[in-house]
Every structure is written in structure tokens, then in C-alpha cells.
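Engineer: Turn this into a model:
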Amino acid sequence: MSEKKLRSSVASSEEDCASRSQSRIGSFLYTNSDEKENLLKCPQPIFTLFSYSKMVDYYTQNPPYYQPACDYTQQEEEWDRDALLDPAWEKQQKKTFTAWCNSHLRKAGTGIEVIEEDFQNGLKLMLLLEVISGEPLPRPDRGRMRFHNIANVNKALEFIESKGVKLVSIGAEEIVDGSVKMTLGLIWTIILRFAIQDISVGELSARDGLLLWCQRKTAPYDNVNVQNFNTSWKDGLAFCALIHRHRPELIDYAKLSKSDPIHNLNLAFDIAEKHLDIPKMLDAEDVALSVRPDEKSIMTYVSCFYHAFQNQPKVRFPTQEAVSYQSPPVSVFGPPSVVALGPPLRNGTPIVTWNPRDVGAFHMDFVD
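Structural biologist: Numbering: from 1, shown residues only. From the prediction side, this is the model:
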């Protein structure tokens, strides 16, 4: 073959390869047209042609990983996903989320042991969603191959999205592969949607609605000041106050000491498991000794108290030394300024403040 014909053959090959490269690029999914053009600006070699006088390289770039601005759910946009990499928090979340899942799966006669493994085939994940929603899901694939597992997990994800939850960065493949971070993220999304979202007051978010409920229920108690879902629960008194408020016969709050958090936490966890059918989801040592206990674990556990008590008969608040007062219902009206709710505690110190601007006229009832 002459050199002229050889160069012509190489040129023809170049055109053919370039055409196939463009076809390869066009086969990917992109969020906008700019991403496709950026591919050609930042090349990476995928194959090489050897010619008579030179080596011709063709380059493309794998589709850029789409990192969204929002997070797993619309309800909690500021969730720091990297916090799941903290070993202490990961341990707490695995224990809490596993116990929460089992509290529902046991109704179907099953359970899980290792959360990132037992949801891999999608079967128990679909069953969990059926139990907590009361709705049937599509028939699962019963095969044991990877594509069967992916199909089942996708059915679960599609059901969650049908409930108005926007799933971002959670894919079926990652759940099937046993990603701890993604599995915990998925279960937290389910907890938010099916256990916490319905806890709302006015226009408050689910988290703030649950926090307000805790504040209202524990406000009359000494040494309890619930401001968050981490450090406010370290001494165990907030858990004990919630139990005493609804079931005063189960716990003698007056004998509890803030200086013995391990005892307080274990007491609350044991009573909740024995009398309220709330499984142990936390370790007393993890909560008491952590600088900042995991917020999602605390929220998950506290939401179980909310659901356990919401349908119980209302109990009149008893007179005890540990209780600072018996308060009648207090109605707050007036201009938008910070107003103290209820009679004062010792030395005229108000127990809680509220800004009526947040909800307009607000009726606070510490008794019912």
C-alpha cells in the first residue's frame, strides 16, 4: 500500500472514530446541553490508533457526577450527609434505625440484624414500607440475581417518591451494594416521611413541631430545658419527664438526680420498653458520654414517645415536689413581643418564652 493510500485510510479511520465518539457522548444522559460541550473540553483517552507516522488519540470524558444542591429530602435540606461518616454517629444510627425498623417488621413476623445487608435484596425494604404505610406495593421479583434485587429496591424508591419525597443521590445500586451511608440515609428519609412529618404545629417543620411538643410536655419539670435533639437529652431527665407527664405512676420523678445521667437514661429506656412497647433504640452510655449525641437517633426515639402517647387519655398533672406548679390553660394574645407563658418558677424566673408573631394567637395548655 502506498503512503498516500495509507494516510487516506488513517484519515478515514479518524473520521469514523470521531463519529463513534460523538455517538458515545450522545448516548449519555445530561442535565443540560452545556455539560455535553464540556466533555470535549476536558478529554480523557478511551482508545488509541497507531498510524504510519503518529499515534492518534481520541478523548472523551465520562459524564460528570451530578451533585445536586438539595439533599435527601425536601423536609431537611441542611442535613450534613458527611456526618454519617463519623464512627460514633454511625454506630448510634445503625442501632437506632435497626430497632426502629424491627419495631415495625415484627408486625409482619420478621426483622433485620445488619441494616446495610438485610435490605440489599429489597424484599424486607418493600415489606417495611407496606407495614408503615398500610398500602400494598407491587409484587416483588423473587429471583436472586443482582438485577432482581435492583428491581425490588427501585420499587421501594418509587413508592417513597409517590408519597411526595424527593430522593436525591440515593440509588438502588448503592443499597444493593450494601452502602452503609446510603442505607442509613434511605431509612432516615423513611422515618422523616412516615414517623415525623405528621408531627406539625402551624407552619413549623416536622423537626420543630416535635421539638415544640417536647418543650410543652416537659416545661413544668425541674432541671429540664429541651432546646434541641442532642445535648438537651444527655442527663436523661427529659425522657423521664415525658414518661411521667403521661404515665405518672410509672416513675417517681422527685427522686431523680441530674448528676446520675446513666441511671436516668436506663430507667427511662427500661420503662419505655416494658410499659410503652417502645424498644430500646439508644445506649445510655452513648447518650450520656457523647459530647453531642446524634440528633437523628434522638429524634427517631422521641417520635416513638409521641406516637405512643398521642392516643392515650389525657392525665391531669399531679402535685409533686418535683413539679414547680400546676398551671391552668394559658391563652396568649397581644402585640408581637416575647411573652412568658404560664406562672413563673422560683424567684420569678419564667419557664418558657414564646413570640406570638410566630403563630398569631396561641393557646398553650400545660395540663391536658
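
Engineer: Can you find the helix or strand in this protein with the smallest mean pLDDT?
Structural biologist: The weakest-scoring helix or strand in the chain, judged by mean pLDDT, DSSP states H and E, is strand 55-60 (a mean of 31).

Engineer: Just name whatever secondary elements the very next helix or strand once past it is in contact with.
Structural biologist: Going down the chain from strand 55-60, the next helix or strand is helix 87-105, by DSSP states H and E. Packing contacts for helix 87-105, counted by 3 or more C-beta pairs under 8 Å, 6 or more residues apart in numbering; DSSP states H and E, involve helix 115-118, helix 123-133, helix 180-191, helix 284-289, helix 295-309. In this view, the C-beta of every residue, glycine as well, is placed from N, C-alpha and C.

Engineer: which one of these lies closest to Phe147?
Structural biologist: Across these, Phe147 has its closest neighbour in helix 123-133 (14.5 Å, C-beta to C-beta).

Engineer: what's that closest one in contact with?
Structural biologist: Applying C-beta atoms under 8 Å, 6 or more residues apart in numbering, the external contacts of helix 123-133 come out as 101, 104-105, 107-108, 110, 112, 118-119, 136-137, 140, 152-153, 155-156, 159-160, 163, 175, 190, 194-195.

Engineer: Filter these down to the buried ones.
Structural biologist: Buried by 16 or more other C-beta atoms under 10 Å: 101, 104-105, 112, 118-119, 137, 140, 152-153, 155-156, 159-160, 175, 190, 194-195, out of those.

Engineer: show me what contacts Ala238?
Structural biologist: Applying C-beta under 8 Å, 6+ apart, the residues near Ala238 are 214, 218, 224, 226, 232.

Engineer: what angle do the helix or strand that contains it and helix 295-309 make?
Structural biologist: Ala238 belongs to helix 237-246 when assigned by DSSP H and E. Here helix 237-246 points in a direction 10 degrees away from that of helix 295-309 (axes from the mean of the first three to the mean of the last three C-alpha atoms, to 10 degrees).

Engineer: after helix 237-246, next one along is what?
Structural biologist: Toward the C-terminal end, the helix or strand that comes next after helix 237-246 (DSSP H and E) is helix 261-275.

Engineer: For the closest residue to Leu267 other than its chain neighbours, give its distance to Ala308.
Structural biologist: In this structure, Leu267 finds its nearest non-sequential neighbour in Cys240, 6.6 Å apart by C-beta to C-beta, 6 or more residues apart in numbering. Counting by C-beta to C-beta, to the nearest Å, the gap from Cys240 to Ala308 is 15 Å.
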